[in-house]
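Q: Quick one: sequence and predicted model below, then my questions.
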2 protein chains.
Amino acid sequence: MKALEGIKILDFTRVLAGPFCTMMLADLGAEVIKVERPGAGDDSRHFGPFVGEESAYFMSINRNKKSITVNLKEPAAVEIIKRMIPKMDVVVENFRPGVMEKLGLGYEVLKELNPGLIYASSSGFGHTGPYSQLPAYDLILQGMGGIMSITGPDSEHPTKVGSSIADIFAGTFCAIGILAALHHREKTGEGQEVDVSMLDSQVAILENAVARYFVTGESPVPIGNRHPSIAPFATFHTTDGFINIAVGNDAIWKRFCELVGRPELVEDARFSTNGARNENWQELEPILKEIMSKDSTEGWIERLRKAAVPCGPINNIEQVVNDPQVRHRQMIVEVEHPVAGKFKMPGCPLKLSATPAEEFSPAPVLGADLESVLVEYAGMTPEEIEDLRKRGIA
Amino acid sequence: MKALEGIKILDFTRVLAGPFCTMMLADLGAEVIKVERPGAGDDSRHFGPFVGEESAYFMSINRNKKSITVNLKEPAAVEIIKRMIPKMDVVVENFRPGVMEKLGLGYEVLKELNPGLIYASSSGFGHTGPYSQLPAYDLILQGMGGIMSITGPDSEHPTKVGSSIADIFAGTFCAIGILAALHHREKTGEGQEVDVSMLDSQVAILENAVARYFVTGESPVPIGNRHPSIAPFATFHTTDGFINIAVGNDAIWKRFCELVGRPELVEDARFSTNGARNENWQELEPILKEIMSKDSTEGWIERLRKAAVPCGPINNIEQVVNDPQVRHRQMIVEVEHPVAGKFKMPGCPLKLSATPAEEFSPAPVLGADLESVLVEYAGMTPEEIEDLRKRGIA
């Protein structure tokens, strides 16, 4: 049994933020019915890389879901959706605000059919406010939300995070909103709207940067891989790559200095406390660079770990997916896709002891579940569904 | 009324991942009782920046919570915690795996007292596997989890994300795990363990990097602010700063070229399709650099938005917190702290229409709620509590 067994979700989302949200809920056992355009489907079915003709990108964020195709521009299709709404717990969409209303599927309409419905939207800027209608891409939101202004080597090189975290955080927060709303409905019967935006989500994850701004009146700037107030907390070159070291307190510093054969650094007034090391980082960094350049990443890690100095490699993706801990935690999983064959992707980070999310079905072929879903939730016959297909409605 | 009203959480977490998780649950209305060490409290009470003597860092991730102080090394304190467990719905902790067990507060012990208890742990590497006992800092996990290997200008400069997203994602996923487990308990009465790790969380958010590796056998490398398969999708210098542009398809490209007075680029076979623009990026980039260098960020944004070309500034923190959309969405909120006075921080990105999370109490002064909590949940008298204080147990 999975944690969300019995929860039914009608999923109008495309590309990343929404599909990431509903993938988590599907991993947890919700029945997620993905509503796609006949013919083309979710845009991301056409994003590379491909395995044969199937998008690896699409497959990696749509596992455990069902797919139905209906053309939402056809009134008959909208009527079918409406017939399904009373049997659904959640609707999720990530169109630009206003699109669902134009289709006749806005919250005000659907809540009349099902007052307990949770209606969740993920959008670039949210459903209210002056930017609500602006187009949103991850890069744009990472820029507007502040994370780029504190990532990178210096203020001349604001840097985008290498994965689409503006989308992914929005999807993740949206899942939290949906689950909280389900909890409330369980107690009261009341449904509601959940309105999560990429911009809001970016502001929520700026961490100490916001506190630093409000206290000092100055906007923090990127400082590379360093920590604003802990030293050494940095990346160094080794003989064959890189190593990260995080000396979180003076006791670790002492162990570090002894391990590297430089006990005099502990006594050196310039470096004896975290505050002093921060202040004198310009002097300390070259000393540490010199020290760390003398062994390999693996050599250092073995020795530093024995001395309980927090450290680690900078793994590339190949190293990540083959890492013993990542493997042990089932964070790389394989499914058999009916068209693409065996396919590997990241697993689910939600490790629940009684209701594990560890069984995965492949992402659906476009429209694979049209008939079974419309029979079950719209009360239609196979003949009626065949007719919809012929008329291009499904 | 808030969504999680009535849910009681005993919160043993410190610093960031755990406190971020319980802050979201507190924002949603759960009663979060933070258990801290007498005297020192959560480590992050001593992290800068400070407002007077209060840590702005601590205050910004511990709002809406209560605080009690008990010395968990004292058997009497552990007994008090155990007395409270039957009245709790959730325990959250982010010690190194094994610490709660040593204190006599492991899941196996607590579930005997409350079989419906959700026991959630957030840790660096998870409670199982070969790295389980390694020390974890955000930098170390960003390095081991792969995000650094795809962030930055090139493979010689792997870059840490500027906020502690390894912690924040772990906290966020932990909240999802807790809410899913609560849903399951509601249906079945069964409690369980939730075991979320920073490493697992990092693997889960690598997005297309993992799919690209499995399809091509090659690890992606950092490519600055570009997109691996969309062009132009990049950052440019303007006369007074930067601008991000995301030309998601050929129709936008046409509008862009017309706006900038270079319609011939649309016909140019090197740039006429997204595929061609990607392939010939080396030739296209200097042309676009030249074009974008001729107006200010604000000038460009005004014109590009009119032409519906996705674009945006790279806001620094001052610009973010003063942005009209951010303000409209109540993503900067102010509370009155009893010691620090008026204090601003990021708001809650979970916008729920029926159960808004928009009222905030300040983070608690250390031990502020000791008496009321122990009276209510441990059945103690004020005299008994005073005695605990005198003996250094609370």
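A: It's in. Numbers count the residues shown, from 1 in each chain, chains lettered A, B, ... in the order given.
Q: Just the strands from chain A, written as ranges.
A: For chain A, the strands defined by DSSP state E occupy A:8-11, A:31-36, A:50-51, A:54-55, A:65-69, A:90-93, A:118-123, A:192-197, A:233-237, A:242-246, A:311-312, A:332-337, A:341-346.
Q: The first one - contacts with which helices or strands?
A: Same thing as strand A:8-11. helix A:17-27, strand A:31-36, strand A:90-93 (3 or more CB pairs under 8 Å, 6 or more residues apart in numbering or on different chains; DSSP states H and E). Where C-beta positions appear, they are placed from N, C-alpha and C, glycine not excepted.
Q: neighbouring contacts of that strand?
A: The contact list for strand A:8-11 (CB atoms under 8 Å, 6 or more residues apart in numbering or on different chains) reads A:18-19, A:22, A:25-26, A:30-35, A:65, A:81, A:84-85, A:87-92, A:377.
Q: Next, count neighbours for the nearest residue to A:Asn62 once chain neighbours are set aside.
A: Leaving aside its sequence neighbours, A:Asn62 sits nearest to A:Ala363 (CB to CB, 6 or more residues apart in numbering or on different chains; 3.8 Å). Neighbours of A:Ala363 under the rule other CB atoms under 10 Å in any protein chain shown: 29.
Q: A:Phe173 now?
A: 29.
Q: do the same with A:Gly106
A: Neighbour tally, A:Gly106, other CB under 10 Å: 16.
Q: ok, now the one 3 residues further on?
A: Number of residues near A:Val109 (other CB under 10 Å) recorded here: 15.
Q: so how far is stretch A:274-294 off the chain centroid?
A: 35 Å (CA atoms, centre = their mean, to the nearest Å).
Q: Could you confirm whether it reaches chain B?
A: No. Stretch A:274-294 does not reach chain B (CB under 8 Å from any CB of the partner chain); its nearest approach is 10.1 Å.
Q: and that stretch, what's its mean pLDDT?
A: For stretch A:274-294, mean pLDDT is 97.
Q: Also stretch A:318-337?
A: 98.
Q: Buried residues of it, list them for me.
A: Going by neighbour count (16 or more other CB atoms under 10 Å in any protein chain shown), the buried part of stretch A:318-337 is A:318, A:320-321, A:323, A:325-326, A:329-332, A:335, A:337.
Q: For those residues, work out which two are farthest apart.
A: Using CB to CB, the buried residues of stretch A:318-337 span at most 26.7 Å, a distance reached by A:Gln325 and A:His337.
Q: tell me the most buried of the helices and strands packed on strand A:8-11?
A: helix A:17-27 (a mean of 28; mean count of other CB atoms under 10 Å in any protein chain shown).
Q: what about it and chain B, touching?
A: Yes. Against chain B, helix A:17-27 shows contacts by CB under 8 Å from any CB at A:Met24.
Q: again, but for stretch A:187-207
A: Yes. Stretch A:187-207 is in contact with chain B by CB under 8 Å from any CB, via A:187-188, A:190-197, A:199-201, A:203-207.
Q: Could you do stretch A:308-317 as well?
A: Yes. For stretch A:308-317, a contact with chain B is found by CB under 8 Å from any CB, at A:308, A:310-317.
Q: ditto for stretch A:77-89
A: No. Using CB under 8 Å from any CB, stretch A:77-89 stays clear of chain B, coming no nearer than 10.7 Å.
Q: swap in stretch A:110-122?
A: No. Stretch A:110-122 stays clear of chain B (CB under 8 Å from any CB), getting no nearer than 8.7 Å.
Q: For that stretch, list every residue counted as buried.
A: Buried residues in stretch A:110-122, defined by neighbour count with 16+ other CB under 10 Å: A:110-111, A:114, A:116-122.
Q: Adding distance to B:Arg389, write those out as TSV.
A: TSV is the format used below for the buried residues of stretch A:110-122 (distance: CB to CB, whole Å):
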residue	distance to B:Arg389
A:Leu110	55
A:Lys111	52
A:Asn114	53
A:Gly116	48
A:Leu117	50
A:Ile118	45
A:Tyr119	49
A:Ala120	46
A:Ser121	49
A:Ser122	48
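Q: Reformat these as a markdown table; add pLDDT.
A: Converted to a markdown table, the buried residues of stretch A:110-122 look like this (pLDDT from 0 to 100):
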| residue | pLDDT |
| --- | --- |
| A:Leu110 | 98 |
| A:Lys111 | 98 |
| A:Asn114 | 98 |
| A:Gly116 | 98 |
| A:Leu117 | 98 |
| A:Ile118 | 98 |
| A:Tyr119 | 98 |
| A:Ala120 | 98 |
| A:Ser121 | 98 |
| A:Ser122 | 98 |
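Q: ok now do the nearest residue to A:Ile81 once chain neighbours are set aside, which residues does it touch?
A: Of all residues not flanking A:Ile81 in the chain, A:Leu105 sits nearest, at 6.2 Å (CB to CB, 6+ apart). A:Leu105 makes contacts with A:12, A:72, A:78, A:81-82, A:91, as judged by CB under 8 Å, 6+ apart.
Q: with the residues you listed in mind, which one is nearest to B:Glu384?
A: A:Val91 (51.8 Å).
Q: how near is the closest one to A:Met23?
A: 16 Å (CB to CB, to the nearest Å).
Q: for chain A, which helix is longest?
A: helix A:165-188 (DSSP state H).
Q: quick check: angle from that helix to helix B:165-188?
A: Computed with axes from the mean of the first three to the mean of the last three CA atoms, to 10 degrees, the direction of helix A:165-188 lies at 20 degrees from that of helix B:165-188.
Q: Report the angle between helix A:165-188 and helix B:17-27.
A: 50 degrees.
Q: Enumerate the positions of helix A:165-188 that are buried.
A: A:165-185.
Q: how far out from the middle of the chain is that helix?
A: Helix A:165-188 sits 13 Å away from the centroid of its parent chain (CA atoms, centre = their mean).
Q: Also stretch A:38-53?
A: That offset, for stretch A:38-53, works out to 20 Å (CA atoms, centre = their mean).
Q: how close does the residue nearest to the spatial centre of chain A sit to chain B?
A: The residue lying closest to the centre of chain A (CA atoms, centre = their mean) is A:Ile168, at 3.0 Å. Per CB to the nearest CB, to the nearest Å, A:Ile168 is found 5 Å from chain B.
Q: now A:Val321
A: The spacing between A:Val321 and chain B, counted by CB to the nearest CB, is 7 Å.
Q: and if you look at A:His227?
A: 7 Å.
Q: Leaving out sequence neighbours, find the closest residue to that residue.
A: A:Phe233 (3.7 Å).
Q: Am I right that A:Leu304 is in contact with A:Glu298?
A: No. Contact criterion CB atoms under 8 Å: A:Leu304 and A:Glu298 do not qualify, at 10.8 Å.
Q: Which residues of the stretch 251-394 of chain A lie near chain B?
A: Checking the stretch 251-394 of chain A against chain B by CB under 8 Å from any CB, the hits are A:305, A:308, A:310-321, A:323-326, A:328-329, A:331-332, A:343-355.
Q: quick revisit: and of the helices and strands packed on strand A:8-11, who's closest to A:Ile245?
A: Among the helices and strands packed on strand A:8-11, helix A:17-27 sits nearest to A:Ile245 (CB to CB), with 32.3 Å.
Q: List the residues that contact the residue lying closest to A:Phe214 once chain neighbours are set aside.
A: Nearest non-adjacent residue to A:Phe214, counting by CB to CB, 6+ apart: B:Lys344, 4.9 Å away. For B:Lys344, the contact set (CB under 8 Å, 6+ apart) comprises A:210, A:214, B:321, B:332-334.
Q: Need the pLDDT of B:Lys344.
A: 96.
Q: in the sheet, who's paired with it?
A: Going by DSSP bridges, B:Lys344 is paired in beta bridges with B:Glu334.
Q: Run a quick neighbour tally on A:Pro222.
A: For A:Pro222, the count of nearby residues is 21 (other CB under 10 Å).
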